[in-house]
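>>> pasted the sequence and its predicted model underneath.
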Amino acid sequence: RVSGVRERRLLAVVVGISHYPKLPDDKQLQFADSDAEAFAEYLATERGRGDATTEHVALVQNEGATLSGIRSAIRTTFAEARENDVVIFFVAGHGSVIDTGPNAGAYILASDSDPEDLRSTGLPMDDLEELTTGDLKPKQIQVYVDVCHAGAIGSLNNRKFNRFQTKFVDGARPSTMVFGLMASHAKEVSLECGNYEHGAFTYFLIRGLNTNEAADPSFQDITVRSLSRYVENHVSDATKQDQNPVDAGTLTRTAELAKPDRPGAGDPNESKRSEERRVGKECRSR
């Protein structure tokens, strides 16, 4: 490495929860833990790691994905981040938006969340910044959320996540760029589908990152712009417009997220699969 320049590392917290002990049987999920495993597998590839020299992925699943377990993983990861690092947060599971009452707010459910007391036991969607400790210094933060009402994390554009930038301006450090891609609008559910064996959002997110289908025609790389368009269009088509992903953040639209010429974890023949898989079947909400 160049003298005086820190190597870039990839640090990630990947959460997937299919089993919820405090929810009834008909509210258990099928594929959220598989979503997390597949995304973690992608990050461990040459394509997923990108220009980072090393990667450290904290995979937190099911019974291990308690509220304290998720908070601890996020705090530890962000506390280790340095100014040249990329930090990624991915979560698949249940999401809930409550409009009124003592539990009012938008939450990601941890495995031990009590649906009757989400204010104390749920992970607030707009509160991710509050979970970090130490001097946050990553070059880039990426957030991928596959839960119902994921678009409630609109604060990636402003409010709390804007503090990521202001912290560095005063300290003469480069500002942290944030990119978020959420599975659905704030008033929509997110679906998982039997024919994909994944959440519809995660299926097309990983497919877009692992194949050449989401490559930006202007730059050949997979960019913020091209991945967002690919996922948004395919999920909307696959769910017959019932689910519409949304992106947010401060990262430039032409920023590179992956290089198609590097090996990933996906099926290289994915684009040749039957078109029937493009339309979600046997789908249920998260």
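Nice, thanks for sending it over.

>>> gap between the two ends of stretch 213-233?
Length of stretch 213-233, first residue to last, CA to CA, to the nearest Å: 12 Å.

>>> for it, which positions count as buried?
For stretch 213-233, the neighbour count (16 or more other CB atoms under 10 Å) marks 213-216, 221-232 as buried. C-beta: built from backbone N, CA, C; applies to glycine.

>>> restricted to strands, list those.
222-223 (DSSP state E).

>>> quick check, nearest of the buried residues of stretch 213-233 to residue 25?
Using CB to CB, residue 231 comes nearest to residue 25 of those, at 30.6 Å.

>>> OK, contacts around that closest one?
With contact set as CB atoms under 8 Å, 6 or more residues apart in numbering, residue 231 has these partners: 181, 201, 204-205, 208, 214, 245.

>>> try it again with 7 Å
181, 201, 204-205, 208, 245 (CB atoms under 7 Å, 6 or more residues apart in numbering).

>>> do the same with residue 264
With contact taken as CB under 7 Å, 6+ apart, residue 264 is in contact with 42, 45, 47-48, 209-210.

>>> looking at the buried residues of stretch 213-233, spot the one nearest residue 27.
Ranked by distance to residue 27 (CB to CB), those are led by residue 231 at 25.7 Å.

>>> let me see the ranges of the strands in this structure.
Using DSSP E, strands in the chain cover 9-16, 54-61, 86-92, 95-98, 105-108, 123-124, 140-146, 177-182, 191-193, 198-199, 222-223, 246-249, 256-258, 283-285.

>>> what's the mean pLDDT across the fifth one?
The predicted model assigns strand 105-108 a mean pLDDT of 90.

>>> and the first one, by the same measure?
Confidence over strand 9-16 (mean pLDDT, whole number) is 97.

>>> which of the contacts of residue 231 fall in helices?
Filtering those for membership in helices, criterion DSSP state H, returns 201, 204-205, 208.

>>> so, low pLDDT: which residues of the chain?
By pLDDT under 70, the weakly predicted segments of the chain are 1-5, 127-137, 153-175, 266-280.

>>> residue nearest the centroid of it?
Nearest to the mean C-alpha position of the chain, by CA atoms, centre = their mean, lies residue 144 at 1.5 Å.

>>> now that one, which residues is it bridged with?
Applying DSSP bridges to residue 144 gives these bridge partners: residue 90, residue 181.
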